[in-house]
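In: Give me the fold of what follows.
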Amino acid sequence: MKADYRTQGVGRALVEALAIESKGKGKAFILLKCPLDLPSNQFYKTLQFQSGTAEAGKHRPLNIWQLDLSPK
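Out: Sure thing, here's the model as predicted:
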């Protein structure tokens, strides 16, 4: 089921809407965590998120991603 939505732009649209809403609320960045072994990490990299450190998660290591929202 979820593969049906890949490459359709749904995820990108959601992240862009979140960025607009966050900027409107005066936020400086979006921070998220993703298990290291998921293909989603490439998606976040494509969207210009910067990978920081990894940390231990409850079940597996997590990548920490940050998207800077300040004007460029």
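
In: Please make it C-alpha for all contacts and neighbour counts, starting now.
Out: OK.

In: Going by neighbour count, list what's buried in stretch 15-25.
Out: By 16 or more other Cα atoms under 10 Å, the buried positions in stretch 15-25 come out as 19, 23.

In: hang on, Ala56 packs against Leu62?
Out: Yes: counting by Cα atoms under 8 Å, Ala56 does reach Leu62; the two are 6.1 Å apart.

In: The two: which is more packed in?
Out: Leu62 (19 against 10; other Cα atoms under 10 Å).

In: which residues touch that one?
Out: With Cα atoms under 8 Å, 6 or more residues apart in numbering as the criterion, the residues that contact Leu62 are 33-36, 54-56.

In: any weak-confidence spans in this protein?
Out: The chain contains residues with pLDDT under 70 at 1-3, 72.

In: Show the residue spans covered by the strands in it.
Out: Secondary structure of the chain by DSSP state E: the strands cover 29-35, 50-55, 62-68.

In: quick check, distance from the shortest one to the centre of its chain.
Out: Here the centre of mass of C-alpha atoms in strand 50-55, compared against the chain's by Cα atoms, centre = their mean, to the nearest Å, lies 12 Å away.

In: Equivalent analysis for stretch 4-21, please.
Out: 10 Å.

In: on that earlier part again, so can I have TSV of the strands of the chain showing distance to Val10?
Out: Conversion of the strands of the chain to TSV gives the following (distance: least, Cα to Cα, whole Å):
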stretch	distance to Val10
strand 29-35	18
strand 50-55	21
strand 62-68	18
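
In: tell me the most buried of these?
Out: Sort these by mean neighbour count, taking mean count of other Cα atoms under 10 Å, and strand 62-68 sits at the top with a mean of 18.
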